[in-house]
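Peer 1: One predicted model, sequence on top.
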Amino acid sequence: MSDLKLSVLDLATIYNGNSVTETLRMSTKLAQLADRLGYTRYWFAEHHNSKHQASSAPEVLIAHTAALTERIRVGSGGVMIPNHSALKVAENFSLLEGLHPGRIDLGIGRAPGTDGRTAIALRRSREGASTSEVSRQLDDLISYFTREFPEKHPFRNIIPSPDPSLVPELFMLGSSDGGMKIASQLGWGYAFAAQINPQWAVQILRGYRNNFRPSRFRSEPYSIMSIIVICADTDEEAEYLAGPARLQWARWNSGQFQYAPPTLEEAANHVFSVEERIADEHGKERFVIGKPETVKARLQELAEKAFLDEIMILNMIPDEQARHRSLELLAKEFGL
């Protein structure tokens, strides 16, 4: 997999007690670095009602970031379709594609990206999260882009953009086989969140490729795996830098959601409880940690097993300089 592409997933996580403004400034700087280094794309997640993540509106972050970069594709990882009308998504991303032709990705997720109460507040309705409603939303979204609503459909004459060619690159997101099945049936690209369910990644990504049906959007399958990657000059330094991410995931997976993202010092001095230790051991496959050679070997191994086209890096390092260094080392090692 010498031609394996690398990209970045950004949750706009608020580290070290920074302000939202400072967090977003750092996201912009990281995207600009990724652009200069030759990374393929930079995606923003959608999360709501979070004290520690500033990524509630990926379309806003995409517009800002695409305007301040030159080459890199910018997109959503993803827009959570239960929270939005298909028309508004089509309008937003057609407009983004018009502003930045050939550089916009629309990754769609099926979950709300938040708690149940906030999901209702976003929709102003208790409807919208069912499988059937998500399917209707996806059907409508495709029809807005293709202008091919059925003859008697009430939305048939609605125009999301004056230019029907303004269509972003489409991806379905997933951390189970549900998104995989939709992506393969629709003929979209597929991005699997291995940071959430690493043990299922290879099987599900292979399933996507095996079941892919060509469409007007894509003639061949295209698969991405997102995973937490922390790279440093030495394996020892990388393990130190990975401490906060490991502690945060150990807390989450042992039912502790109240804590802010740990600092490097907090993680280095933390003594894991029994529950945290079990959670950390169980979730170690969601991390790729080490010096450049170590990381490259592991990512290429994953790519070969899962038949990947691209790895999307979730970089959960609290220190900004170390975040940048991680991307620089990987870009050099992979020859981007």
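Peer 2: Perfect, I can see it now. Numbering: from 1, shown residues only.
Peer 1: Least confident secondary structure element in the chain?
Peer 2: Of all helical and strand segments in the chain, the minimum by mean pLDDT, DSSP states H and E falls on helix 116-123, at a mean of 82.
Peer 1: correct me, but H47 touches G113?
Peer 2: Yes: counting by CB atoms under 8 Å, H47 touches G113, with 5.1 Å between them. In this view, the C-beta of every residue, glycine as well, is placed from N, C-alpha and C.
Peer 1: With neighbour numbers in mind, choose between those two.
Peer 2: Neighbours of H47 and G113, each counted by other CB atoms under 10 Å, are more numerous for G113; the result is 23 against 20.
Peer 1: Local confidence estimate at the more buried one?
Peer 2: Per-residue confidence (pLDDT) for G113: 74.
Peer 1: Show the contacting residues for it.
Peer 2: Residues near G113 by CB atoms under 8 Å, 6 or more residues apart in numbering: 45-48, 80, 83.
Peer 1: What segments of this protein are helices?
Peer 2: Along the chain, the segments classed as helices by DSSP state H run 20-37, 58-67, 86-99, 116-123, 131-146, 177-186, 201-211, 235-252, 264-269, 274-282, 292-306, 320-334.
Peer 1: how about these, which one is nearest I158?
Peer 2: Nearest to I158, of all these, is helix 86-99, at 6.5 Å by CB to CB.
Peer 1: Run through who's touching the closest one.
Peer 2: For helix 86-99, contacts defined as CB under 8 Å, 6+ apart pick out 59, 62-63, 66-67, 79, 81, 104, 106, 108, 137-138, 140-141, 144-145, 155, 158, 160-161, 163, 166-168.
Peer 1: V167 and R147 touch, don't they?
Peer 2: No: V167 is not in contact with R147 according to CB under 8 Å; the separation is 10.3 Å.
Peer 1: Name the residue in the two with the higher neighbour count.
Peer 2: V167 (21 against 13).
Peer 1: quick revisit: which of the contacts of helix 86-99 are buried?
Peer 2: Listed as buried from the contacts of helix 86-99 are 59, 62-63, 66, 79, 81, 104, 106, 108, 137-138, 140-141, 144-145, 160-161, 166-168; burial here means 16 or more other CB atoms under 10 Å.
Peer 1: Quick check: chain neighbours aside, which residue is closest to the residue nearest to the spatial centre of the chain?
Peer 2: Geometric centre of the chain, nearest residue: G77, 3.4 Å, by CA atoms, centre = their mean. Excluding the flanking residues, the one nearest G77 by CB to CB, 6 or more residues apart in numbering is W43, at 3.3 Å.
Peer 1: cool, and W249?
Peer 2: Nearest non-adjacent residue to W249, counting by CB to CB, 6+ apart: G283, 5.5 Å away.
Peer 1: sorry, back to before: identify the residues contacting the residue nearest to G77.
Peer 2: W43 sits next to 7-10, 58, 74-78, 105, 107, 312 when contact means CB under 8 Å, 6+ apart.
Peer 1: Nearest to S130 among those?
Peer 2: For these, the nearest to S130 is G78 (18.6 Å; CB to CB).
Peer 1: Alright, I will stop here.
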